[in-house]
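Student: Provide a 3D model corresponding to the input given below.
(2 chains)
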2 protein chains.
Amino acid sequence: MDSLLKIPPSTPIIRPSIQTPGPYQETCNDKYVVKYNFADLDPEEATEELKTLLTDLEEAGLQTEVRAGYDETLLIFVKAPRELLGNTVYKSRVKDWLYGVVHDHPGGTKNTVVDAHYESEDILSVYHLVHWSKEHGGAGIHPGIGQWKNVEAIFPLHNQRANQKLLSHLSKRFFLTAEDLDKIRDIWGSKIAFYFAFLQTYLVFLIFPAVTGVVAWLALPKYSLVYAITTCVWCTVFVEYWKLREVDLSIRWRVRNVAQVKTNRPQFTWERVVTDCAGRKHYFFPKWKQVVRQLLQFPFFGIATAALGLLIVSVFAIEVLISESYEGPYKFYLEYLPTVLLAVALPYITSSLEGVASALTQYENHRTEDNHERALAQKVFVLNIVTNYLPILLTAFVYVPFGDDVVPWLEVLIGKVLGKVLGQQQFAKRPFQADGDRLRNEVIALVVTGQISGFFEENVVPFVRHRFSGWWREMRRLRHSRDGRGADLMSLFDDDPDEAAFLTRVRDQSMLRDYDVQEDIAEIVLQSGYLALFSPVWPLIPLGFLVNNWIELRSDFLKISIEHKRPHPVRTDGIGPWVYSLNMLSWLGSISTAAIVHMFSTSGWGPARWASLPITIFVGEHVFLLFRTLLCFLLNQLGSPQIREERSRLYATRLQRLEELEANKRNGLGLTAAERERRRSMRATGGDKLFTRQVEEGVSAAVGVDLIRRFKEAAESKKKK
Amino acid sequence: MDSLLKIPPSTPIIRPSIQTPGPYQETCNDKYVVKYNFADLDPEEATEELKTLLTDLEEAGLQTEVRAGYDETLLIFVKAPRELLGNTVYKSRVKDWLYGVVHDHPGGTKNTVVDAHYESEDILSVYHLVHWSKEHGGAGIHPGIGQWKNVEAIFPLHNQRANQKLLSHLSKRFFLTAEDLDKIRDIWGSKIAFYFAFLQTYLVFLIFPAVTGVVAWLALPKYSLVYAITTCVWCTVFVEYWKLREVDLSIRWRVRNVAQVKTNRPQFTWERVVTDCAGRKHYFFPKWKQVVRQLLQFPFFGIATAALGLLIVSVFAIEVLISESYEGPYKFYLEYLPTVLLAVALPYITSSLEGVASALTQYENHRTEDNHERALAQKVFVLNIVTNYLPILLTAFVYVPFGDDVVPWLEVLIGKVLGKVLGQQQFAKRPFQADGDRLRNEVIALVVTGQISGFFEENVVPFVRHRFSGWWREMRRLRHSRDGRGADLMSLFDDDPDEAAFLTRVRDQSMLRDYDVQEDIAEIVLQSGYLALFSPVWPLIPLGFLVNNWIELRSDFLKISIEHKRPHPVRTDGIGPWVYSLNMLSWLGSISTAAIVHMFSTSGWGPARWASLPITIFVGEHVFLLFRTLLCFLLNQLGSPQIREERSRLYATRLQRLEELEANKRNGLGLTAAERERRRSMRATGGDKLFTRQVEEGVSAAVGVDLIRRFKEAAESKKKK
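Tutor: Coordinates of the predicted model:
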């Protein structure tokens, strides 16, 4: 095997460190780790691939160190040398200027080396060096795709001290300030910082409905109109305020319109390459094919909705059976058991459906990461709406109002089947009574269990899983070495003592999952959707959310720090497509809230109430739209501090350039006698006959004054007459 | 009087022309005319003011010539000398670049002199030199405001040859191409060219509903659902396409986002001036005051609507009286006389209400011309909706459905009053019958008379008025000179024979009205509103509009050429706020059309139909919104040729700059042996212990390969076991 390599004979394979001894203290800003998995390859293929990989990295100017990872993987440590890193950061700033993300050129020349303003700026540049295609100056390492399908992951290293410091800082604060958000941006980049900013803004806004909710619960009737309107208004204000806040922060973080700076997704496949007159290469994939592929999502949504609807209806049927006909022990708990089970199952159903959505989006073959993400987020949003809100909507508008007609019939049917099996003793026939309390309990069951099971699925399960698999790996290794047949394997991890602790940390991180911020944003958007759509059902919901989110914000920070690989510090200028979802939810909310209050605020289900429902909805919706338009107008008039500041900055830049340009601003002011004479003679001999008459100074005025005098005299003489 | 002036004794007041004799052929690109009216001043004041005026113009570098105008006015001819004009055009281009209107710097230095690409570019610069405030380098002449309240107007000269040439070209064409629109832009600037582009796009789009309308009229039932849907879809496509077209043209004419380059309105009053840290002067007027003032428009709309509603109801009452009770001669004509009178009166009512709206907008004190125009356009739009659509809406949803209940009661009332006056012979009591035909006739009467009276008000009346006042002025002058007491007045117009024809033309132009393109756009938007809102009522309407607009396009061109002063060639990047109006109309259309078809498509007015109306409206509206969203998405995907071209251009610019920057793109590629050695030694002695291990070339690979081998061996041995 060694014959494949030309190692200078004098060089030891691992050169002893010439630094001072002691445990290795890593810097995180200039490093990336490439995790290479060769389990599926034979040694020759693996060797070839590894050598290509290392060459590609080195040709991009990066330094490499190879160490063993767990489970037939290698960890390739990649470092961008100071000069390269500083220059890449500089180029990235120039690019921002070229694309209009920032308005001021950073100065300097092509060889300028700058210091990053914060850690994630450096890391982003290293990410670009590793990840961007060769034509963009990177090494072109796209994990899991094509040539690099055996590269399992590339990731930066967690800066654990910074993480811990920030976490303890955050847990002492009730409200996060802009400076706190800056710190999150410094560590993980603006995309993730925007999630925290969004969560924080939502948290602050939640105080209002939490308070009014308690008041409503104590003082107002059930399904109160006043509370419903208050919450709808609040919801709209929140969405519109967030839009402004997003712009404000994106200016603060200098990422406004950063989506302009986009490269092709590595997964994007094209049919042919067209080079246009400007020398621009177009990777051409027919638009119509993409549109046709996008149409596939509609049957998918249809099937998903139908299947879910059926599932929900079955749950209802079982529930009805228990609540109406079962008279045995634990009736109260059994009654809501199916709903609780549904709530526990929903996150899993959602995530498997999201898997399909993700595959569909992949198939749609979007050119940029941005478009891909937007298409996926839209699908996830629709799925979330269906899985989470469909049960409630079915309860509110089908089960409760029509239960009186359907349930007795259903009971008879089920009774016939089950009665034979269980015998008749426990199934008493009673008149069915559907009412507003049924809807309330449904919402409580779904929301409360949903939040709790979400918390478990998100925080506890992965943690336990990761810990268990670590324990299992350690067990296996120990058993191998006890057996004596694992000597080889043990020697792989026979690390330099200085590095051992560090390498263990990195190996551990390499086994963690990637972090997807979209999931967390989706969760919050969905939660706000409950408020927008069903707030009057149970006014204590916002209070629960407030408490939940205060914990969520901190636990999410912790989660990213210890349960996930450090995310690539990608930049965005907001939470992207989710703003549309928020918009849509507050719109739907105006319809749903109006309908719920209309239907449930008093008892009794006469046909007159059904008849006037569309009018209520129409009024509710249009009052909402009008209010939103006015609010938008008002908030835009108001602006935000950052927006105003940027405007001033832009103005100053322009003013300076205009001043340079307009030294001779008022062209005829304060001329010398000679210059006046020159102009006069030019005018007198000029081509324009009309303007050769009153050339001398003051002549125009004299002629004018004379004309005025004669006019006035004529008027005078006329008056006398 | 002459003692006030220092005329060099050797200079004749009007210097004889040194050019070749013959009638004066003017150039239009470098001239402006300032019309100064001193009728209200005594000679001393007038003299002072005139001298200040001439000094201000000359200090801005402009040349002046004074001639007599009609009716105690002076015409001050202003010319920008070649150097000044070329430099102002150049600066304006640089400014466009600074404000991001265009993406390429024009090159050159502050003294560069350029040729304009087209006439209106020159004229715009002259306009700026005359009109802009002194701090922006102009002469600060704001006609009719403050210091210059006696300056009646400033205007450029019509280029009559160019106008005639283009008019005869246009009248030969059925469709205007982009090049034709370019020519309009060349003469009058982009703001007016956008009006023609809009009219042209609308005209082309009208062909579709005109054809389907004829088909519907021949083959489909009255109030056809199919035709209604077709027209709604068409309407939406039109609005969305126009939005795209606007962007396309604004890129073509290099005016995209030109609204960025804005200066304060001269009418804007401020409470104090604040200078911020960037040295920017803020003319501060409290936002809240403006908002409060803007609130005034709501009572205004309320009162206007109520008054108009009352007027319309009275017209209906009279009509009912005639149609239901009158049996005398000319019944058919008398029946629709009130509606026709209403239609004739509406333009006048509208314009007087617009006067109030304009005063309100003035009072709102907007900072920029742009905001002012937007606020005014919004008001005008609401007024137009009220005055034009209210009669039809009242007919459709009050008069026709409720007529059966109200009219007999009304008849009795009127019969009692009038019966006594006229005697009973001509008022027979018959059962009232309201139906869809009533609505149809109402719409026809309003639309047809509205179009015809609009044409008269717009084209014929001003023409006749202008001709008559010219004739009257001439009469008076002749009488004066006959009387012998007008010798002085005659001598004022004793023009140099070479100039006489030219001066007569200019004097004539100085008496014409200003052109306001907003009025014309409003007319077309309003017309398209008829289609959006009431298309199913009478499917032949679009055919009428098609014919009308084909004429309108040419007659408007003629109208601007001969009935108005040449407009300032101001630049905009579209038809501005009217796009919102179009949007709103197509939205309202989806509601109104659905309601009309629902109510009138079959006869009979049961309560069941009223009950299902909200559902129809709800469905109609939301289908529309969904369709519009999809269409937007699709059209944005499609883009337009100019948009794509601009993208390529931008790309090329950026590519070039990036290439300069990234000479060392792949940092580690193809290094010399010396450079490699340097890097290696730097790395070996660097501060990062981890990266001092595998410094020598190929060592990383060797270590990796070795690790792979050992891993595989371990796996092998395990398998054997």
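
Student: Going by C-alpha atoms from here, please, whenever you check contacts or count neighbours.
Tutor: OK.

Student: Can you name the residues of the stretch 51-200 of chain A that neighbour chain B?
Tutor: Taking C-alpha under 8 Å from any C-alpha of the partner chain as the contact definition, the stretch 51-200 of chain A meets chain B at A:51, A:54, A:58-68, A:72, A:74, A:79, A:84, A:91, A:95, A:98-99, A:109-110, A:134, A:136-138.

Student: Within the helices and strands, which one has the nearest residue to A:Ser323 once chain neighbours are set aside?
Tutor: Closest residue to A:Ser323 apart from its sequence neighbours, by C-alpha to C-alpha, 6 or more residues apart in numbering or on different chains: A:Glu335 at 5.3 Å. Using DSSP states H and E, A:Glu335 falls within helix A:331-364.

Student: now A:Lys35
Tutor: Short version: A:Lys35 belongs to strand A:31-37, going by DSSP H and E.

Student: I'd like to know which elements that strand is packed against.
Tutor: Identification of packing neighbours for strand A:31-37 by 3 or more C-alpha pairs under 8 Å, 6 or more residues apart in numbering or on different chains; DSSP states H and E yields strand A:73-79, helix A:119-131, strand A:151-155.

Student: need those in TSV with mean neighbour count, mean pLDDT and distance to A:Arg628, can you?
Tutor: What follows is these, written out as TSV (neighbours: other C-alpha atoms under 10 Å in any protein chain shown; pLDDT from 0 to 100; distance: least, C-alpha to C-alpha, whole Å):
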stretch	mean neighbour count	mean pLDDT	distance to A:Arg628
strand A:73-79	24	93	51
helix A:119-131	25	94	37
strand A:151-155	22	94	43
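
Student: Figure out which of these is closest to A:Asp494.
Tutor: Across the helices and strands packed on strand A:31-37, A:Asp494 has its closest neighbour in strand A:73-79 (14.2 Å, C-alpha to C-alpha).

Student: other SSEs contacting the closest one?
Tutor: Against strand A:73-79 (3+ C-alpha pairs under 8 Å, 6+ apart) you get strand A:31-37, strand A:63-68, helix B:699-720.

Student: Show me the domain layout of chain A.
Tutor: Using automatic domain parsing, the domain parsing of chain A gives A:32-156, A:164-492+A:502-648.

Student: quick one: the helices in the stretch 101-250 of chain A?
Tutor: Here the stretch 101-250 of chain A has its helices, by DSSP state H, counting those that start in this stretch, at A:119-131, A:160-171, A:178-188, A:190-219, A:225-252.

Student: from these, which stretch is densest packed?
Tutor: Most buried of the helices of the stretch 101-250 of chain A, by mean neighbour count (mean count of other C-alpha atoms under 10 Å in any protein chain shown): helix A:119-131, with a mean of 25.

Student: and that one with helix A:190-219, angle?
Tutor: 130 degrees (axes from the mean of the first three to the mean of the last three C-alpha atoms, to 10 degrees).

Student: contacting residues around helix A:119-131?
Tutor: Here helix A:119-131 makes contact (C-alpha atoms under 8 Å, 6 or more residues apart in numbering or on different chains) with A:28-32, A:57, A:60, A:62, A:79-80, A:85-86, A:88-89, A:92, A:116, A:137-142, A:156, A:185-189, A:568-570.

Student: export it as CSV, just CAs?
Tutor: What follows is helix A:119-131 as a C-alpha-only set of coordinates in CSV (Å, rounded to 0.1, in the frame of the first residue of the first chain):
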residue,chain,number,x,y,z
GLU,A,119,-16.2,34.5,14.2
SER,A,120,-18.9,33.4,11.8
GLU,A,121,-17.6,35.7,9.1
ASP,A,122,-14.3,33.8,9.1
ILE,A,123,-16.1,30.4,9.3
LEU,A,124,-18.3,31.4,6.4
SER,A,125,-15.3,32.1,4.2
VAL,A,126,-13.7,28.7,5.2
TYR,A,127,-17.0,27.1,4.3
HIS,A,128,-16.9,28.8,0.9
LEU,A,129,-13.4,27.7,0.4
VAL,A,130,-14.3,24.1,1.1
HIS,A,131,-17.8,24.0,-0.4
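
Student: Work out the gap between that helix and the centre of the chain.
Tutor: Offset of helix A:119-131 from its chain centre (C-alpha atoms, centre = their mean, to the nearest Å): 20 Å.
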